[in-house]
Structure formats: structure tokens, C-alpha cells
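S.K.: Quick one: sequence and predicted model below, then my questions.
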Amino acid sequence: MKIAIFSDNFYPELSGISDSIITLAKELVKSGNKINFYAPRYSAKDYKKAKFIQQELNLGENVKINRWFSFHYPSGTGQARLALPNPLHWASLKKFNPDIIHTQLFFGIGLDALISAKINRIPIVGTNHTAITEFVRYSPIKTEWFKKIIMKYVVWYYNHCDYVSAPSQSVFDEMEQFGFKRPHKVISNPINFDIFNSASLNYNMQKFKKESGLSGATLVCAGRLSPEKNIDVIIRALALVKQRFPEVILVLAGHGSAANGLKTLARKLGVEKSVKFLGTVDQLTLAGLYRASELFVISSTSETQSMTLIQAMACGLPAVGVRARALPEYINDQRGFLVEPNNHVAFAEKIMILLENSALRKKFGENAAIFVKRFSAPNIAKEWEIVYSEVISNRL
């Protein structure tokens, strides 16, 4: 089938959304599908922030990427773009003539997807990846009434889709409070097990640790360094953990608007030498980092799944996280520990329990690797092919 994927968030912007839809497209074309992406055009600065060469992705002859003019707007990555809806965009879809449209977000290009579907009478499915109320912090208006308006808009948007997915039930729970009523299902984002796995025949952990300067027990956190991730909680916990484990280090992989503040906090707490800011790293390096670490740590209150969490689990890492949004759907007492948000003392206590008990770390890590196998790219692509086929059939 021919599938049009619309997303306001795409390469080179660093995000779980971008990674997941690119991974999904690569898998879908293996079974003969054709994909057209519709995404913003990014600036040279956006590629530079991500440490990418400014050139288009090559995803094979059955994947075409269409870029539309866009503006910069504030975000945690500093890379976000906004493309305004345009009648020329709606008309251009006719050239591809897709069997179905899959919209990933609800901003400018998302609106183009919805309008194109209605004008061209094409079935449309939507995925809501986003914890909406957490991201209102980036708008100039941060009041409760504005959050409600945004949520009502988001629900209005997805109520105009034929079918809706989300990577966790927490997303639907929030939407249903504001009138969401369309057919829906939890469908995970896919993991590339060719990269993220608990074992590698060509992997030398000690060599990686030496080359990366990881001399002690390593805690790893990956993703945007932005306010909603609450990484300050982890740094405060680290200061407590170091009282018992002086050699422990925290590695942060990613970039974002909170980076300078986090560096200042580390200096203030006297742990700046124990916090390594790696910036953006490629996926192979990230997988190596996971396999060279003892724990994955996440204190975010905005996760609708967390791609970095499930990638780390695929590499056999136990996790310490917070009891917020989707994280309890992925971290349980067989795969790690959960504590209440913003409680750095409790966070530190759970880290120390796992650092002291290698057998428990191994058990949790093995359980985590088994759990996330269901989210492999082939499994998720097959699930989407079934959904696409059913939605298309229902519209005939």
C-alpha cells in the first residue's frame, strides 16, 4: 500500500518521534509498501545542533521525503519548526495518491494532513505521542485555562481521525477527560534490535569504557536536556549516592535548553567531575553506552513512552524512574524501581540498592530485555499494516 506520513517533528530534530517513524518506515518498505514523508524544512543551524551533515536522509527508493517551508519556534531541543497549512500542500498529495494518511502531530503539518484527508477523501489515522499539558511550558501562556484550551484542540484534532494510536494508555486517559471518542489502541513505537540489544558479538565493554572515560559505576540518562525531563533530580540524587559510592558517574547523552543550568547545578553540588555531558551521540554509540552502564535513570514527568528507556531495556539495563505518566507501564518491580516525582532522596536510595546488588541488577536487566522484545520493528510494522488495512476497508 501507499502510506503518507505527516509529521511536524522529523530528522534532523532529535526526538523519539523522529526516530520511531523513520524506524517504522524502514520496516514497512521491506514488505513492499511505499512511503512518502511530509515534514518541515530545517535550517543549517538545526543540523549543526544535532551534529549532522546538512543533507537529506536516504531511506531507499520506496521512501520519498517532502520538505515544506517552516519557521523556528521555541522547544526543549532548540530545533523545532512550524510549517503553516498551505493549499499547495493539499494539492501536492494527489501526485502520490496514498491509500492512507498517518499523522504524527497536530500542528501545521498535522493540520495539512487532516485537511488533505478530507479534501482528497483519504482515510487518516493519527498517533498522539505527546503529553500535552507538560509542553504548555514552552508557550507564552502557562495558565490552567490555556492548558484546557490546548487539550480541547488536541482532542478535536484526533476526533477527526478514523483511528488513533498512542504509545501508552496514559495518553488516552488524559484525552478522554476532554471528550476523546474515536476508535483507538495502544501501539508502541518500534525498537531497532539490530542496534539496541543486550548482547553483541563485536562489543568490547572494557574498551568502550576506557575510550569513553567511564572509570566507575555508570548511571546513564539519554534524551533532550529540557525542563520537563527534571534531570536536576538525578544530579541531586547523584550527590547523595557519591557519599557511599565515590566512583559513581552520571552520563547524559543529548542536548537541550536546560544543559547550562544542569552544569551549574553540578558545580554547585560539587559533582561536576562526576557528570559527563556527551551531547548528541549516534545510535551505535548510544547502544554501546547502555551496555557499558549499570543503570538507566529517568526522572521525566512528560513521557508517553520514552524511546531511550526501551532502548536501554533492550540492551539489558534495569531502570530507576518516577511514577509519572507512562513510566509505570514500562518500569515495574521486575524491571527496576519507581519513586515519586521530584524526590531525589528516594531516587538515590533506589540507585544505591541496585549498585549494591549485582544479582538484582542482572535479574532486572534480563527481565527488561525480554519485556521489550514485543516492541521490535517487525512486530510493530505488522501491527500497523493490520490497522491500515482495516481502516482502508472500513472506508470502502
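M.R.: Received, thanks.
S.K.: switch to C-alpha atoms for all contacts and neighbour counts from now on
M.R.: Noted.
S.K.: next one: stretch 23-38 to chain centre, how far?
M.R.: 19 Å (C-alpha atoms, centre = their mean, to the nearest Å).
S.K.: Pull out the buried residues from that stretch.
M.R.: Neighbour-count burial for stretch 23-38, with 16 or more other C-alpha atoms under 10 Å as criterion, is recorded at 23-29, 33-38.
S.K.: Need the contact partners of it.
M.R.: 1-7, 59, 62-68, 96, 109, 190-192, 377-378, 380-381, 385 (C-alpha atoms under 8 Å, 6 or more residues apart in numbering).
S.K.: filter these to the buried ones?
M.R.: Among these, those classed as buried by 16+ other C-alpha under 10 Å are 2-7, 62-65, 68, 109, 190-192, 377-378, 380-381.
S.K.: State the distance from the nearest residue to residue 169 once chain neighbours are set aside to residue 370.
M.R.: The shortest distance from residue 169 to any non-neighbouring residue, by C-alpha to C-alpha, 6 or more residues apart in numbering, is to residue 186 (6.2 Å). For residue 186, the distance to residue 370 equals 19 Å [C-alpha to C-alpha, to the nearest Å].
S.K.: Based on its surroundings, how many neighbours for residue 153?
M.R.: 14 (other C-alpha atoms under 10 Å).
S.K.: From residue 318, how far off is it?
M.R.: For residue 153, the distance to residue 318 - C-alpha to C-alpha - is 37 Å.
S.K.: And for residue 224?
M.R.: From residue 224 to residue 318 the distance is 20 Å (C-alpha to C-alpha).
S.K.: between these two, which one's more packed in?
M.R.: residue 318 (31 against 25).
S.K.: Flag the shaky bits of this structure, pLDDT-wise.
M.R.: Residue ranges of the chain with pLDDT under 70: 76, 133-142, 200-204.
S.K.: and if we set it to 80?
M.R.: 73-78, 131-144, 198-215, 396 (pLDDT under 80).
S.K.: Let me see the domain layout of it.
M.R.: Domains of the chain are assigned by automatic domain parsing as 2-190+376-395, 205-374.
S.K.: The first one spans what distance, first to last residue?
M.R.: In other words, domain 2-190+376-395. 16 Å.
S.K.: again, but for the last one
M.R.: Start-to-end span of domain 205-374 (C-alpha to C-alpha) is 26 Å.
S.K.: Check the offset of that domain from the chain's centre.
M.R.: The answer for domain 205-374 is 15 Å, by C-alpha atoms, centre = their mean.
S.K.: Could you do stretch 169-189 as well?
M.R.: The answer for stretch 169-189 is 18 Å, by C-alpha atoms, centre = their mean.
S.K.: Output it as CSV - backbone C-alpha positions only.
M.R.: The C-alpha coordinates for stretch 169-189 follow below in CSV (Å, rounded to 0.1, in the frame of the first residue of the first chain):
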residue,chain,number,x,y,z
GLN,A,169,-2.7,4.2,28.0
SER,A,170,-1.8,7.4,29.9
VAL,A,171,-2.3,9.4,26.7
PHE,A,172,-5.8,8.1,26.2
ASP,A,173,-6.7,8.6,29.9
GLU,A,174,-5.8,12.3,29.6
MET,A,175,-7.6,12.7,26.2
GLU,A,176,-10.8,11.0,27.4
GLN,A,177,-11.3,13.6,30.1
PHE,A,178,-11.7,16.2,27.3
GLY,A,179,-14.2,14.2,25.1
PHE,A,180,-12.0,11.9,23.0
LYS,A,181,-14.2,9.2,21.5
ARG,A,182,-12.6,7.7,18.4
PRO,A,183,-11.6,4.0,17.9
HIS,A,184,-8.1,3.7,19.4
LYS,A,185,-5.4,1.3,20.6
VAL,A,186,-2.1,1.5,22.4
ILE,A,187,0.7,0.7,19.9
SER,A,188,4.3,1.0,20.9
ASN,A,189,6.9,2.9,19.0
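S.K.: what comes into contact with that stretch?
M.R.: Contacts of stretch 169-189 (C-alpha under 8 Å, 6+ apart): 20-21, 128-131, 151-152, 155-156, 158-159, 161-168, 304-305, 307, 325-326, 375, 380, 383.
S.K.: Which of those residues fall within strands?
M.R.: 163, 164, 165, 166 (DSSP state E).
S.K.: For PyMOL, what selects the buried ones among these?
M.R.: The buried subset of the ones in strands among the contacts of stretch 169-189, as determined by 16+ other C-alpha under 10 Å, is captured in PyMOL by this line:
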select buried, resi 163+164+165+166
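S.K.: Tabulate the ones in strands among the contacts of stretch 169-189 (JSON lines), appending distance to residue 197.
M.R.: Below are the ones in strands among the contacts of stretch 169-189 laid out as JSON lines (distance: C-alpha to C-alpha, whole Å):
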{"residue": "163", "distance to residue 197": "32"}
{"residue": "164", "distance to residue 197": "29"}
{"residue": "165", "distance to residue 197": "26"}
{"residue": "166", "distance to residue 197": "24"}
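S.K.: can you give me the helices in the stretch 51-200 of the chain?
M.R.: Under the criterion DSSP state H, counting those that start in this stretch, the stretch 51-200 of the chain contains helices at 87-96, 108-120, 132-135, 144-158, 169-176.
S.K.: picking up where we left off before, now for the buried residues of stretch 23-38: which two are most distant?
M.R.: Of all pairs drawn from the buried residues of stretch 23-38, the greatest distance, 18.0 Å, lies between 27 and 38 (C-alpha to C-alpha).
S.K.: can you give me the strands for the stretch 251-396 of the chain?
M.R.: 275-279, 295-297, 319-322, 336-339 (DSSP state E, counting those that start in this stretch).
S.K.: now those in a markdown table, with mean neighbour count?
M.R.: Shown next, in a markdown table, are these (neighbours: other C-alpha atoms under 10 Å):
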| stretch | mean neighbour count |
| --- | --- |
| strand 275-279 | 17 |
| strand 295-297 | 26 |
| strand 319-322 | 27 |
| strand 336-339 | 22 |
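S.K.: Dump these to CSV, plus distance to residue 236.
M.R.: Output for those, formatted as CSV (distance: least, C-alpha to C-alpha, whole Å):
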stretch, distance to residue 236
strand 275-279, 11
strand 295-297, 13
strand 319-322, 14
strand 336-339, 14
